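I would like the atomic coordinates for the input below:
(3 chains)
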Amino acid sequence: MGVGSLNFIPLITMASYSEQFTVRTYGKGTIEFTGEVAAIVSRAKIQSGIVTVFVQHTSASLVIMENADPSARRDLEMFFEKLVPENTPWFIHTQEGPDDMPSHIRMALTRTSEVIPIIAGQMTLGTWQGILLFEHRRAPHTRRLAVSVVGD
Amino acid sequence: MGVGSLNFIPLITMASYSEQFTVRTYGKGTIEFTGEVAAIVSRAKIQSGIVTVFVQHTSASLVIMENADPSARRDLEMFFEKLVPENTPWFIHTQEGPDDMPSHIRMALTRTSEVIPIIAGQMTLGTWQGILLFEHRRAPHTRRLAVSVVGD
Amino acid sequence: MGVGSLNFIPLITMASYSEQFTVRTYGKGTIEFTGEVAAIVSRAKIQSGIVTVFVQHTSASLVIMENADPSARRDLEMFFEKLVPENTPWFIHTQEGPDDMPSHIRMALTRTSEVIPIIAGQMTLGTWQGILLFEHRRAPHTRRLAVSVVGD
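Numbering: from 1, shown residues only, chains lettered A, B, ... in the order given. A predicted model of the protein is given here:
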């Protein structure tokens, strides 16, 4: 190969790659979008590195969660419904509706960004791990996600 | 352009860039420092990649939160005050004061690191998203943050 | 140095590096593995960048926490035991045992990924910050972690 090709290999492969897309939600609940992230990782053509998933909102969040049994997601959603109830009497930020302030707190308790290693071109997700968007508002929303891949 | 310039472009731009700085806090509460992170991203001269924000403490944390209405932040702070109360009778880690153990738990419930994609030289923050330092101790502190940009 | 060496330096150093390993747990509790991550950062030979730590499970999680006084970790563990109790009467996802659904929720309330800046070849961890694996199941488990370093 020689020095010349050593020179070229990282130039072709070391890179960053980003996409933004939207997910439609249908009121409170979790929606899996692992497949969309996997497709972006595939298009990035990066073998080794990391993928960052970021939700561009303050009333929806991310969680990596068991995706096999819907009952696990339902219990998760109910837990947050009870932990941060609507109509909490001492809330002062209430002008956008009873589900608004609970949304911000449930978002703070879960995640805005999630970063997953990529090895051999694949995310290192465990068998049961799905990437979920967690909608905290009652009304349907179109949520923007940014996904960025960095590696070589 | 040709092969020669393809050769050079990634060499000049693919990079990492880091800064550390401090934020002064004034007892419990949230302090926005989105501007400081945006300035570092600008100085990094990276068009595409990610920025990592990291708080180097165990009694202060990060949250990305609505930054428009101060009442939302006040309700968030009050929620954590009630969820993890000072003087919880069964705490055993109490020698550093009644606000110490709640600080560690509130930190564990929020975030130590946050990663934000950079596209076209800008963080992909949503309209209402601000990056906040969440001080959990009663006393003012000088908190160290590390910010690292990776991309090209 | 000249243009020729500017050309070569990033080619040799800009890189990603990953390792996967397991941590044995002994039922509910936190286990520090900061040393394993530091060793991977050292083997990556990256001076400036970020390290991502990712747990490949939905019933164990990560937290960066005070690692000096074991009583702080015990109070943290007890807090989650009380916040998300076993045998919560309205859980429907119960077929894998009373500690299964609480595990998923405690994981969602803490972290699946954590990203730490690297400056001068070292993680920018604060004095008291340790990287902990938080086992949420009663039984011992072998937990897989993926660690990926990106930088130059």
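
tell me the residues on chain A that lie near chain B, please.
A:7-8, A:10-11, A:14-18, A:20, A:52, A:54-59, A:83-84, A:90-93, A:101, A:104-105, A:107-109, A:111-113, A:115, A:144, A:146-148, A:150 (CB under 8 Å from any CB of the partner chain). C-beta coordinates here come from the backbone N, C-alpha and C atoms, glycine included.

redo that, cut-off 6 Å
Residues of chain A found near chain B (CB under 6 Å from any CB of the partner chain) are A:11, A:14, A:16, A:18, A:52, A:54, A:56-58, A:91-93, A:101, A:104-105, A:108-109, A:112-113, A:115, A:146, A:148, A:150.

got a list of contacts for the longest helix belonging to chain A?
Longest among the helix segments of chain A by residue count, using DSSP state H, is helix A:70-83. Helix A:70-83 is touched from outside by A:G29, A:T30, A:E66, A:R106, C:F91, C:I92, C:H93, C:M101, C:H104, C:I105, with contacts defined as CB atoms under 6 Å, 6 or more residues apart in numbering or on different chains.

still on that earlier bit, so among the residues of chain A next to chain B, which ones count as buried?
Buried by 16 or more other CB atoms under 10 Å in any protein chain shown: A:11, A:14, A:16, A:18, A:52, A:54, A:56-58, A:91, A:93, A:101, A:104-105, A:108-109, A:112-113, A:115, A:146, A:148, A:150, out of these.

give me the subset of the residues of chain A next to chain B that lies in helices.
Within the residues of chain A next to chain B, residues falling in helices by DSSP H are A:L11, A:M101, A:H104, A:I105, A:A108, A:L109.

dump the residues you listed to TSV, plus pLDDT.
Output for those, formatted as TSV (pLDDT from 0 to 100):
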residue	pLDDT
A:L11	44
A:M101	97
A:H104	98
A:I105	98
A:A108	98
A:L109	98
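
farthest pair within the residues you listed?
The widest separation within those, taken as CB to CB, falls between A:L11 and A:M101 and amounts to 50.0 Å.

just to revisit the earlier point, lowest-confidence entry in the contacts of helix A:70-83?
Minimum pLDDT for the contacts of helix A:70-83 is recorded at A:E66 (90).

neighbours around that residue, how many?
A:E66: 27 surrounding residues under other CB atoms under 10 Å in any protein chain shown.

do the same with A:N87
Applying other CB under 10 Å, we find 10 residues neighbouring A:N87.

same question, A:L133
A:L133, neighbours per other CB under 10 Å, totals 23.

now the one helix or strand it maps to: average pLDDT?
Applying DSSP states H and E as the criterion places A:L133 in strand A:129-135. Averaged across strand A:129-135, the pLDDT comes to 98.

who does that strand pair with, and is each partner parallel or antiparallel?
Here strand A:129-135 is paired, per DSSP bridges, with strand A:29-32 (antiparallel), strand A:60-66 (antiparallel).

most tightly packed of the ones you listed?
Burial of these is given as mean neighbour count (mean count of other CB atoms under 10 Å in any protein chain shown); strand A:60-66 ranks first at a mean of 25.

just want the angle from the longest helix of chain A to helix A:100-109.
120 degrees (axes from the mean of the first three to the mean of the last three CA atoms, to 10 degrees).

report the buried residues of helix A:70-83.
Neighbour-count burial for helix A:70-83, counted by 16+ other CB under 10 Å, picks out A:A72, A:R73, A:D75, A:L76, A:E77, A:F79, A:F80, A:L83.

any chance of JSON lines for the residues you listed, columns pLDDT and distance to A:E135?
Output for those, formatted as JSON lines (pLDDT from 0 to 100; distance: CB to CB, whole Å):
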{"residue": "A:A72", "pLDDT": "96", "distance to A:E135": "17"}
{"residue": "A:R73", "pLDDT": "97", "distance to A:E135": "12"}
{"residue": "A:D75", "pLDDT": "98", "distance to A:E135": "17"}
{"residue": "A:L76", "pLDDT": "98", "distance to A:E135": "13"}
{"residue": "A:E77", "pLDDT": "98", "distance to A:E135": "10"}
{"residue": "A:F79", "pLDDT": "98", "distance to A:E135": "15"}
{"residue": "A:F80", "pLDDT": "98", "distance to A:E135": "11"}
{"residue": "A:L83", "pLDDT": "98", "distance to A:E135": "16"}
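
turn the residues you listed into a markdown table, columns for distance to B:T127.
As requested, these are exported to a markdown table (distance: CB to CB, whole Å):
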| residue | distance to B:T127 |
| --- | --- |
| A:A72 | 33 |
| A:R73 | 28 |
| A:D75 | 32 |
| A:L76 | 27 |
| A:E77 | 26 |
| A:F79 | 29 |
| A:F80 | 24 |
| A:L83 | 27 |
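
closest one of the residues you listed to B:G35?
Nearest to B:G35 among the buried residues of helix A:70-83: A:F80, at 31.2 Å, using CB to CB.

quick check: that closest one vs C:V84, distance?
As judged by CB to CB, to the nearest Å, A:F80 and C:V84 stand 11 Å apart.

and what of A:T94?
Note on A:T94: its distance to C:V84, by CB to CB, is 27 Å.

again with A:F79
From A:F79 to C:V84 the distance is 7 Å (CB to CB).

any idea how far apart the tips of stretch A:107-117 sit?
Stretch A:107-117 has an end-to-end distance of 23 Å (CA to CA, to the nearest Å).

likewise for stretch A:88-96?
One end of stretch A:88-96 to the other measures 14 Å (CA to CA).

and what of stretch A:80-88?
With CA to CA, one end of stretch A:80-88 sits 13 Å from the other.

quick one on the thing from earlier: let's have the contacts of helix A:70-83 in TSV, adding distance to B:A38.
Listed next are these as TSV, based on distance: CB to CB, whole Å:
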residue	distance to B:A38
A:G29	33
A:T30	31
A:E66	36
A:R106	26
C:F91	43
C:I92	45
C:H93	42
C:M101	40
C:H104	36
C:I105	34
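
hmm, which two among these are most spread apart?
Distances among the contacts of helix A:70-83 were taken as CB to CB; the most separated pair is A:R106 and C:I92, at 20.0 Å.

residues near A:I119, how many?
By the criterion of other CB under 10 Å, A:I119 has 17 neighbours.

looking at the strands paired with strand A:129-135, spot the one closest to A:L132.
Minimum separation from A:L132 across these (CB to CB) falls at strand A:29-32, 4.3 Å.

what's the helix or strand following the closest one packed up against?
For strand A:29-32, the following helix or strand on the C-terminal side (DSSP H and E) is helix A:34-44. Packing partners of helix A:34-44 (3 or more CB pairs under 6 Å, 6 or more residues apart in numbering or on different chains; DSSP states H and E): strand A:129-135, strand A:142-151.

dump those into CSV; add distance to C:F134 as well.
Output for these, formatted as CSV (distance: least, CB to CB, whole Å):
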stretch, distance to C:F134
strand A:129-135, 16
strand A:142-151, 27
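
how about the residues of chain A near chain C?
Where chain A comes near chain C, counting by CB under 6 Å from any CB, the residues are A:10, A:14, A:48-50, A:63-66, A:71-72, A:75-76, A:79, A:109-110, A:114-117, A:119, A:124, A:126, A:128-129, A:150-152.
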